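Novice: Sequence plus predicted model, see below.
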Amino acid sequence: HVQLVESGGGSVQAGGSLRLSCAASGGTYSHYCMAWFRQGPGKEREGVATIDPGGNPNYVDSVKGRFTISKDNAKNTLYLQMNSLKPEDTATYYCAARWCWVRDYNPWGQGTQVTVS
């Protein structure tokens, strides 16, 4: 059973960068479809980026060209490089995993806060 732990959040000024990490343990991480989600204050949770076992990424339109999702299978770690951050990127960011043939993501990490001012 895969467990996920995020890190790398923090406070940054608009235009700055952060890199989030999601360390996976307890399972065959490389076989999962992985994703980053976020939930801002007063907003619904939204999917930010996904990556499949082959390393193919997809992004929500609002982060295209600014965020990059990647993974290191040897380290069992998922990343989200966030550049040109905007105040509207302020949110708690979560990583999640699923078997690719299953609709729902499970498990989820505990979340890491990103604040852009």
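Specialist: That came in fine, so what should we check first?
Novice: Look at residue 114 and say how many residues are nearby.
Specialist: A total of 22 residues lie near residue 114 under the criterion other C-beta atoms under 10 Å. C-beta: built from backbone N, CA, C; applies to glycine.
Novice: Pull out the buried positions in the helix or strand where residue 38 lies.
Specialist: Using DSSP states H and E, residue 38 sits in strand 33-39. Within strand 33-39, the residues scored as buried using 16 or more other C-beta atoms under 10 Å are 33, 34, 35, 36, 37, 38.
Novice: Switch those over to JSON lines; also include pLDDT and distance to residue 73.
Specialist: As requested, those are exported to JSON lines (pLDDT from 0 to 100; distance: C-beta to C-beta, whole Å):
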{"residue": "33", "pLDDT": "95", "distance to residue 73": "13"}
{"residue": "34", "pLDDT": "96", "distance to residue 73": "11"}
{"residue": "35", "pLDDT": "97", "distance to residue 73": "16"}
{"residue": "36", "pLDDT": "98", "distance to residue 73": "17"}
{"residue": "37", "pLDDT": "98", "distance to residue 73": "21"}
{"residue": "38", "pLDDT": "98", "distance to residue 73": "24"}
